[in-house]
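J.: Predicted model, plus sequence, below.
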Amino acid sequence: MYPLLAESLEMRGARFRNRIFSSGHQTLLAESGLVSDALIAYHQSRALGGIGLIVTEAIAVHESAYFNAFTPIAYSDRARPGFARLAASIHAAGAGLIGQLFHPGAEVASILDDGTRPVAWGPSSHQQERYLLTTRAMSIEMIEEVIESFGESAARLIESGLDGVEVLASHGYLPIQFCNPRTNVRDDEYGGSFENRMRFIERVHDTIRRHVGDEAVVGLRISADDRMFEGFSEQEVMEVLKALDDCDRFDYFNITLGSSATTEGAVHICAPMSFEPGYVNPYAERVKRSFNRTVLATGRYNHPQLAEDALRAGRADMIGMTRAHICDPQMSRKALENKTDSIRFCIACNQACIGHYALNAPISCIQHPESGRELKFGKLAKSETPNRVLVIGGGPAGLKAAAVAAAKGNEVLLVEKSARLGGQALLAQMLPERGEFGGIIENLEREARLAGAEIRLATEVTVEVIRTINPTHVLAATGAISYRPHIEVSGSADVVDAWQVIKGDVKCGARVVIADWRGDWIGIGIALKLVRGGHHVTIVTVANCAGINVQYYTRDPLIAELDRLGVCFRHNLRIFGVDENTAYFVHTNGGHPVELEGVDTLVVCYGHQSFNPFPERLQGWHGKIEYIGDALTPRTAEEAVYDALKTASKI
């Protein structure tokens, strides 16, 4: 089905078995800067899944290249054994391995162990908008030391068995900061003219090549456009690439988009589902048609057909499908063995992949929580004695529980009382920009059925039914119901809840106030739905930011869109009451009253409460009911699916 994806690719002395690769992405699985068993298991899973090439996460080349406590290092010989084990593991599984060489320059978000910020080094002193810091200009001696560290770090990786290295110049990191006249205002040999601003990246390449010889691959990752106000433009990037191409520097250009320097540019580091799949295509194609380099491309390639089409159109030579392999480590093998229907497709929710990075938690996936936890859940042992398992509820938690329990060799029956599987995911996909979220249900249903679980719809489970079936285990994933807090309601005030608005069961007035408690997708999603429908909308949140619990690469462009459409934001306010035209709030910090007048409809967006209709032990039945997902306590989809994995894996 995908003949071009299946083709091998050769660069220098390395041959990669197909045209699919995983781009560098931080996993937070390294320990004290060194490759860990968990990191090896994570990448080995993708290599065993058939991928052609793995590019490691960013690896610090110098002590000043501090990004966070989880960043692997290559500037010390202590790193050699771990990378050697990683390379041996990946090669034994048939994939190639390239190490990504990194210096963040100004892009330093984290705090040191002592609670202070590290010094952020840059070509010049400038104010970094996103992380609110000021860089320290590098001396000539410091520049030359860092350049040499790129070469020494590359040598350690190649000597450890890696196939090559990749200089990370994308997303506003140090190499491209030197090229950019807005971050490099030096007047010495490393600044001023275009030729001088190119000197750092050229010397980095030449130093690496001197250290690693002619056989190792040396690539460059670069953003084709920062996609932000006053960012490094596509035209400027093309000038950089032309200069490098003319001098035959770098074996490949790995094309992506965006910059870490601002929230506007940073969203492209891990574009959410509101961005079109494969949207990097035209940028990669222009690079491919302009230069004599191998071109790699990354940017929401979530389906093998999309990747195949990009290769067929000559847009790139290799396609990065990174989140696709976080979601389904076997994606490459399934695609190339014509088993596309069994792929668990990424929905670009960003909750547990890049979302975990923001929480200083190891990488995972809301649909496949085994990712990042391979050492614990990578190989589940079959149940010693097959059990009869009844799963009640066909939302994300129930479907994952059924899939895992069945995969362990148990007899599994999942019963859903409605005519459709999905639970609250059916509501989530009805919100603007969230249509792909419904894919979690299709994927988990497929996983459960392929594992051998039986699924019955439109069937209500009662205590009598449980006694009749007499399962050895009951997992109740009975979900939740909408929650309304107690507030004072006077006269003919129009008060509705979030679920009613999403389902279209009510009509809101012209002027709507959304009282939001959770700070999740629902509040800002309803605001977007209503303002696009012509309503005047004010979103009032208990937190200090609307959408505070939404991963920021997903939230930030939506907040911008809401602002552009005229939505009003009020923060730190708790709903107290409402009458015919006024909503009454209490300030969460000061306790003083706040009134919002001119309200036609109040939408109460205060989450949900567990629905658990069965006692944990039933009279006349000796088994135990275990609650998972929202039935246990109100959860996110990620938490619900992980609940299911943990519980069902023990059966």
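T.: Looks like it came in fine. These numbers come from a predicted model, not from an experiment. Numbering: from 1, shown residues only.
J.: so what are the domain limits for this protein?
T.: What automatic domain parsing lists as the domains of the chain is 3-347+364-376, 382-482+610-648, 488-606.
J.: in the stretch 1-150 of the chain, which spans are strands?
T.: 9-11, 14-16, 20-22, 53-60, 96-102, 121-122, 127-128, 133-134, 136-137 (DSSP state E, counting those that start in this stretch).
J.: Would you reformat those as TSV and include distance to residue 368 and mean pLDDT?
T.: Backbone N, C-alpha and C define where each C-beta goes, glycine included. Output for the strands of the stretch 1-150 of the chain, formatted as TSV (distance: least, CB to CB, whole Å; pLDDT from 0 to 100):
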stretch	distance to residue 368	mean pLDDT
strand 9-11	27	97
strand 14-16	24	97
strand 20-22	15	98
strand 53-60	17	98
strand 96-102	22	98
strand 121-122	38	96
strand 127-128	35	92
strand 133-134	36	92
strand 136-137	42	96
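J.: on that earlier part again, can I get the domains of the chain in JSON lines including mean neighbour count and distance to residue 353?
T.: Compiled in JSON lines, the domains of the chain are given as follows (neighbours: other CB atoms under 10 Å; distance: least, CB to CB, whole Å):
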{"stretch": "domain 3-347+364-376", "mean neighbour count": "21", "distance to residue 353": "5"}
{"stretch": "domain 382-482+610-648", "mean neighbour count": "20", "distance to residue 353": "10"}
{"stretch": "domain 488-606", "mean neighbour count": "18", "distance to residue 353": "9"}
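J.: Go through those domains and name the closest to residue 358.
T.: Taking CB to CB, domain 488-606 is the member of those nearest to residue 358, at 6.4 Å.
J.: quick one, helices of the stretch 151-300 of the chain?
T.: Taking DSSP state H, counting those that start in this stretch as the criterion, the stretch 151-300 of the chain contains helices spanning 174-179, 194-212, 234-246, 263-266, 281-290.
J.: typo on my end, it should be the stretch 351-500 of the chain
T.: Going by DSSP H, counting those that start in this stretch, the stretch 351-500 of the chain shows helices at 354-358, 374-377, 396-407, 425-428, 439-451, 463-469, 498-503.
J.: out of these, nearest to residue 45?
T.: With CB to CB as the yardstick, what comes closest out of the helices of the stretch 351-500 of the chain is helix 374-377 (5.2 Å).
J.: For the closest one, name the packing helices and strands.
T.: With contacts taken as 3 or more CB pairs under 8 Å, 6 or more residues apart in numbering; DSSP states H and E, helix 374-377 sits against helix 37-48.
J.: Figure out which of the helices of the stretch 151-300 of the chain is closest to residue 582.
T.: Nearest of those to residue 582, taken as CB to CB: helix 263-266 at 34.4 Å.
J.: next one: that closest one to chain centre, how far?
T.: How far helix 263-266 lies from its chain's middle: 15 Å, per CA atoms, centre = their mean, to the nearest Å.
J.: Any chance you could list what contacts it?
T.: Applying CB atoms under 8 Å, 6 or more residues apart in numbering, the contact partners of helix 263-266 are 130, 171-172, 226-229, 231, 258-260, 552-553, 556, 560.
J.: Please identify which of those residues is nearest to residue 52.
T.: If you rank the contacts of helix 263-266 by distance to residue 52 using CB to CB, residue 171 comes first, at 23.6 Å.
J.: which residues touch that closest one?
T.: Neighbours of residue 171 in contact, by CB under 8 Å, 6+ apart: 107, 223, 256, 258-260, 265-266, 269.
J.: Per-residue confidence, it, what does it come out as?
T.: pLDDT for residue 171: 97.
J.: hang on, the earlier thing: sort the contacts of residue 171 by pLDDT and name the bottom one.
T.: Here the lowest pLDDT out of those sits on residue 107, with 92.
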